[in-house]
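*Asks:* My questions concern the predicted model and sequence given below.
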Amino acid sequence: MAIVLQKAAPPCVAHDPRAAGPVRFAAEELRAYLGRILEVSIPDKTSATGPVVRVAADADDALGPDGFAVEPTDNGLAIRGGGPAGAVFGVYAFLRRFAGCRFSGYAPDGELVPRSERIEVGPLPWTEKPTLWYRGLQFSSLSTVELMIKRMDWMAKNGMNYVMIHPRPDKEGEEDAEIVDPATGEVFSGKKRAYSFAWFRDHLMDEAQKRGLRVDMNHHNLYNWLNPNVYFDEHPEWFSLMDGKRVASYQQLAICTSNREAVDTLVRNVLDFLRANPSIRIVGVIPGDGIGMCQCEACRAMDVHPDDATKPFTGHRSPDGENPSKSRRYALLLNRVADAVAEEFPDALVGAAAYVDLQWPPRDVKLRKNILPWVANYWRCAAHEIAPESCYMNRLFWQVLTQWREAHDGPLILYAYYMGMNAQRGLPYPMAERIAAEWPRLRELGIGGATVQSTERDHHVYALNYLTFARAGWQEGPVDYPTLREEFLTGMFGAAAQAIRPIYEEWDRQARRADEGNPPSFFLEPVPPARGCLIPNGRSIAFLMQDKGTDWFREQTDKARAAATTDREKRQVAAFAEGMRYWIACAQILHAAREADKAAQAGDMGCAKEIAAEAVARYKPEIEEMDRLPLQGWLRNPRVWLERKDPYMLGGLAQLSGLDAGSGE
């Protein structure tokens, strides 16, 4: 049966005032969006003329906490979540399916909210529940409170459920350095854009929880549980012995895991955190983002091979990169934490990192079932699927995942790089088509979802990737990518989508043909035996633009400007155009660097320096100007990437030409 909601007889939106916060929030959101669509005030009490739309949550094992049902009632319909979060996801899915809303980017400009005299709802009943239990984005560093809330809002509207946080270790009395948004003057704190858990709790916890989002404390946080700022002076023996000296450095397994007092203190701090934060039920014990482990005799006595403590890191791109002793030490530590957590918090999980030389499962220690490893597909290829028969890199990741699934009886998720890692620096990385195709196979393998490395500052550049994963989390088969791409572009750009679509189509085409060249393009990284892989080294922007040429991309952007009709569309295209300006500059800088390199290899250093100087003079002022633009999700610190001394970056060209990239001379 179908039910009609119409302007002539406005519906009311009702909920139990005693309902959980997310249910109340969902009802308020539904009332607001229906009011905008029908252009009428939506009452919150039963009206005499219109149907009643009731928002509720009832524990329902068939739906699970995130699932929902839209059902007819005697006087209208009900959107009923299997838990409070399900009510939120149900309301937004209802608005997408029946009202034509498109939640492509940050609200309000990144959304399409149609105007209509009537909304036909049906056929009913309609139920949905996610097929992946973990659908998360990361909040690893500060941008602005406003942008961080906008991204949480985007997550809820698109059915994502986990906010993974990475707070810095606290030290009593320590003050954060000030960071200022150059566009707005807003001051927000954080050393190297870090934030404390107290800051997150005070500024963002309520925003996450009212949307039904869960918070996961689970990212490079070993020092949160054994903070050297607190313990090192009194107990240096708790920390790694490196080259004969106890050190507190941000390395990988940066504590002495053989020291019982150190481990007991770490466990106690984890338990204290869980007691103080009953809403958080995933707590990671995650090594630092570096390489190394304690070299003391007691730690070495636990090792598979005595030389593993000083074994150099040889990379993660072949099985030779595995460090079995480090994996063993880490597994023993995790099991110690997991046992203590299970005793007091049987509903909690202990997060674990399978990353670089730890990406393989431990060989002779079985992890407890309440441990949740995330397996990082570090520097995966975006041109191919993670599959048994794929390019070398992605085939290796499939093999690693298969080993994990065979070795571990508990839950397992991916650590996914759908933004192409930080090396992309806000440069396009078209992999949504691969994301859509590979998730049915990953789900069948037993992968329960993914935490996606991501930031607020360049969210829109990768939003189509994120959206594809979000949809993959709610359906069994592959996502219909062409249809989803159309939905995304229409929601993001409205009438201007027709002009921007060819840009996305071209990037998708280039991603598909990345492995066609032999030898591969200079701007692709060859990973033998694949002929060309789209690896996130940032140089791929030149490859993505090389067939059509940068002038074509400018022309398409100009067409989008002309096609935009509403103020919203004009603002959206203007923001996209600033991103395009950055992408074109990067592509042309890379081509200039390639030409300078050719001249240098031919022995013509004068020509090489001239090419480099011209590129620096042309693009350095433009990049500095971009750094002062408002934070809208399209740009992310252009100078940080381009002013590196890499010979193919602006900084390297400045060095070659004899100019100082940081001085403006």
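*Replies:* Arrived safely, thanks for sending.
*Asks:* those helices in the stretch 251-400 of the chain, which residues are they?
*Replies:* For the stretch 251-400 of the chain, the helices identified by DSSP state H, counting those that start in this stretch occupy 260-276, 297-300, 324-344, 392-407, in order along the chain.
*Asks:* Show me what the top helix by length along the chain is packed up against.
*Replies:* Longest among the helix segments of the chain by residue count, using DSSP state H, is helix 567-601. Using 3 or more C-beta pairs under 8 Å, 6 or more residues apart in numbering; DSSP states H and E as the contact definition, the elements that helix 567-601 packs against are helix 459-472, helix 481-493, helix 540-546, helix 550-563, helix 605-626, helix 638-642, helix 650-657. All C-beta atoms are positioned from the backbone trio N, CA, C, and that covers glycine.
*Asks:* Reformat those as JSON lines; add distance to residue 293.
*Replies:* Output for these, formatted as JSON lines (distance: least, C-beta to C-beta, whole Å):
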{"stretch": "helix 459-472", "distance to residue 293": "33"}
{"stretch": "helix 481-493", "distance to residue 293": "42"}
{"stretch": "helix 540-546", "distance to residue 293": "34"}
{"stretch": "helix 550-563", "distance to residue 293": "47"}
{"stretch": "helix 605-626", "distance to residue 293": "39"}
{"stretch": "helix 638-642", "distance to residue 293": "30"}
{"stretch": "helix 650-657", "distance to residue 293": "33"}
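*Asks:* ranking the ones you listed by burial, who's on top?
*Replies:* Using mean count of other C-beta atoms under 10 Å, the stretch among the helices and strands packed on helix 567-601 with the largest mean neighbour count is helix 459-472, at a mean of 26.
*Asks:* what's the average pLDDT for that one?
*Replies:* The average pLDDT for helix 459-472 rounds to 98.
*Asks:* got the angle between it and helix 567-601?
*Replies:* Our comparison of helix 459-472 with helix 567-601, counting by axes from the mean of the first three to the mean of the last three C-alpha atoms, to 10 degrees, yields an angle of 110 degrees.
*Asks:* Tell me what angle the longest helix of the chain forms with helix 605-626.
*Replies:* Taking the same axes, to 10 degrees, helix 567-601 and helix 605-626 form an angle of 160 degrees between their directions.
*Asks:* pLDDT (mean, whole number) over helix 567-601?
*Replies:* Taken as a whole, helix 567-601 carries a mean pLDDT of 95.
*Asks:* and it, how far from the chain's centre?
*Replies:* 23 Å (C-alpha atoms, centre = their mean, to the nearest Å).
*Asks:* Check which residues of it are buried.
*Replies:* Within helix 567-601, the residues scored as buried using 16 or more other C-beta atoms under 10 Å are 568-570, 572-573, 575-594, 596-597, 599-600.
*Asks:* would you turn the helices of the stretch 251-400 of the chain into TSV with mean neighbour count?
*Replies:* Below are the helices of the stretch 251-400 of the chain laid out as TSV (neighbours: other C-beta atoms under 10 Å):
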stretch	mean neighbour count
helix 260-276	16
helix 297-300	16
helix 324-344	20
helix 392-407	18
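*Asks:* Need those helices in TSV (columns: mean pLDDT and distance to residue 636).
*Replies:* Formatted as TSV, the helices of the stretch 251-400 of the chain follow (pLDDT from 0 to 100; distance: least, C-beta to C-beta, whole Å):
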stretch	mean pLDDT	distance to residue 636
helix 260-276	98	31
helix 297-300	96	39
helix 324-344	98	32
helix 392-407	96	25
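*Asks:* Turn those helices into CSV, including distance to residue 77.
*Replies:* As requested, these are arranged in CSV below (distance: least, C-beta to C-beta, whole Å):
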stretch, distance to residue 77
helix 260-276, 40
helix 297-300, 62
helix 324-344, 42
helix 392-407, 41
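*Asks:* nearest to residue 70, of these?
*Replies:* Taking C-beta to C-beta as the measure, the helices of the stretch 251-400 of the chain were each checked against residue 70, and helix 392-407 came out nearest at 34.9 Å.
*Asks:* That closest one - contacts with which helices or strands?
*Replies:* The contact analysis (3+ C-beta pairs under 8 Å, 6+ apart) places helix 392-407 against strand 371-376, helix 432-445.
*Asks:* would you list every one of the helices in the stretch 51-200 of the chain?
*Replies:* Per DSSP H, counting those that start in this stretch, the stretch 51-200 of the chain has helices spanning 84-99, 145-157, 197-203. These are given in chain order.
*Asks:* buried residues in the first one?
*Replies:* Same thing as helix 84-99. If you call a residue buried by 16+ other C-beta under 10 Å, then helix 84-99 has these buried ones: 84-96, 98-99.
*Asks:* Repeat that for the second one.
*Replies:* When neighbours are counted by 16+ other C-beta under 10 Å, the buried residues of helix 145-157 are found to be 147-157.
*Asks:* same question, stretch 56-66
*Replies:* Judged by neighbour count using 16+ other C-beta under 10 Å, the buried positions of stretch 56-66 are 56-57, 60, 63-66.
*Asks:* which residues sit against it?
*Replies:* Outside stretch 56-66, the residues that touch it by C-beta atoms under 8 Å, 6 or more residues apart in numbering are 15-16, 19-20, 22-23, 67, 69, 78-87, 89, 127, 129-130, 133, 159, 161, 212.
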